[in-house]
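Colleague: What follows is a predicted protein model with its sequence.
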Amino acid sequence: MIKTIFGSTTMEGVMHTVREHFAGTLLGLSAIVTLGCSDTPPTALPTGAIEITVSTAGADVDIDSDGYSLEIALRLPKLVGVNDTATFRSLPTGGYLVFLGSAARNCSVTGVNPRLVYVIAGEAPSQLSFSVLCVAGPHGDPWDF
């Protein structure tokens, strides 16, 4: 049995083979650990930003007074005014779906919502805009239909 596993019939030959395998494994592991350790911290990946402009049209009395929310996957929503700009920073390069929400019942986003925008790290913020149209709504008790 010993001969078929280690290629030797003596215990001394077996121990020599085990030491060679162990030394080779130890040398390989020490090289991996040495190459993986460094005094310099890893460099952060470059990031970019998205600058989103929202414009709202309609009669002043019917415009959504509390603004809207802007949402990007895996990010906390940002509140934005009815005619305002917001910026999402520190975004890795890639495509992002941006959703404009929290509009009043008498207001709607014109065009596609959510919208796809691409961020390229290290460059100027990617620009995106939403237009919202608010129409005259019922004036009185909000529960009257």
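Modeller: Sure thing, it's come through. Residues are numbered from 1 along each chain as shown.
Colleague: Okay, now the unreliable bits of the protein?
Modeller: 1-42, 61, 137-145 (pLDDT under 70).
Colleague: all helices for it, in order.
Modeller: Taking DSSP state H as the test, the helices found in the chain are 2-6, 11-36.
Colleague: ok, so what distance separates residue 98 from residue 136?
Modeller: Going from residue 98 to residue 136 by Cβ to Cβ, to the nearest Å gives 28 Å. All C-beta spots, glycine's among them, are computed from the backbone N, C-alpha and C.
Colleague: the more surrounded of those two?
Modeller: residue 98 (20 against 10; other Cβ atoms under 10 Å).
Colleague: Any idea what that one is bridged to?
Modeller: residue 72, residue 115 (DSSP bridges).
Colleague: for it, what are its contacts?
Modeller: The neighbours of residue 98, taking Cβ atoms under 8 Å, 6 or more residues apart in numbering as the test, are 50, 52, 70, 71, 72, 114, 115, 116, 117, 128.
Colleague: Pipe those residues into JSON lines and attach neighbour count per row.
Modeller: Listed next are the contacts of residue 98 as JSON lines, based on neighbours: other Cβ atoms under 10 Å:
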{"residue": "50", "neighbour count": "20"}
{"residue": "52", "neighbour count": "23"}
{"residue": "70", "neighbour count": "25"}
{"residue": "71", "neighbour count": "17"}
{"residue": "72", "neighbour count": "19"}
{"residue": "114", "neighbour count": "17"}
{"residue": "115", "neighbour count": "16"}
{"residue": "116", "neighbour count": "10"}
{"residue": "117", "neighbour count": "19"}
{"residue": "128", "neighbour count": "18"}
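Colleague: which of those residues lies closest to residue 80?
Modeller: Of all the contacts of residue 98, residue 70 has the smallest distance to residue 80: 5.4 Å, by Cβ to Cβ.
Colleague: residue contacts, that closest one?
Modeller: 52, 54, 77, 78, 79, 80, 86, 88, 98, 99, 100, 101.
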